[in-house]
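Visitor: coords below, sequence missing:
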């Protein structure tokens, strides 16, 4: 459990990001697959290379989950309050709509986290000095909507 969880949630997405971006201009790596990528990264960059981008995940996930659950409960309460008098909506629909609303709020934090994480993962060597530096760098160079929120709508369509 202790070994499998970090490998599954951090190291494998690290290799997946590299596999997706290999061949792009400036990317100096070529992996034959997941296992080859993990071994090559560990040999070339050390064990830390497999966990690049984890800082942004560790920093922003608690905030994103807090916003998600807070907005979920708020939306569920509002929908139920409005639904009491005429019962036009099922309980399942209430949960679905509250979940979609909460995901929209949580994605405001999850998306910048993913942007910084994936840019750090795709880079050979160190791209940012840490998650805060990554957030500030993307904000300064590309702005909030074009940089930090890039992929917001695809996240909404995926997770809903």
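Guide: Yes, it's here. None of the values given here were measured: they were computed from a predicted structure. Numbers count the residues shown, from 1 in each chain.

Visitor: where does the residue sitting nearest the centre point of the chain fall, helix, sheet strand or coil?
Guide: Geometric centre of the chain, nearest residue: residue 114, 3.4 Å, by C-alpha atoms, centre = their mean. Here residue 114 is helix, with the state taken from DSSP: H, G, I helix; E, B strand; the rest coil.

Visitor: With residue 87 instead?
Guide: Applying three-state DSSP: residue 87 is coil.

Visitor: quick one: the residue nearest to the centre of the chain and residue 151 touch, right?
Guide: Yes. Contact criterion C-beta atoms under 8 Å: residue 114 and residue 151 qualify, at 6.6 Å. Every residue, glycine included, has its C-beta placed from N, CA and C.

Visitor: hey, where'd the helices end up in this structure?
Guide: Along the chain, the stretches classed as helices by DSSP state H are 4-6, 12-21, 34-45, 54-83, 91-122, 131-142, 152-159.

Visitor: Can I get those in a markdown table including mean pLDDT?
Guide: A markdown table is the format used below for the helices of the chain (pLDDT from 0 to 100):
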| stretch | mean pLDDT |
| --- | --- |
| helix 4-6 | 53 |
| helix 12-21 | 82 |
| helix 34-45 | 86 |
| helix 54-83 | 91 |
| helix 91-122 | 91 |
| helix 131-142 | 90 |
| helix 152-159 | 86 |
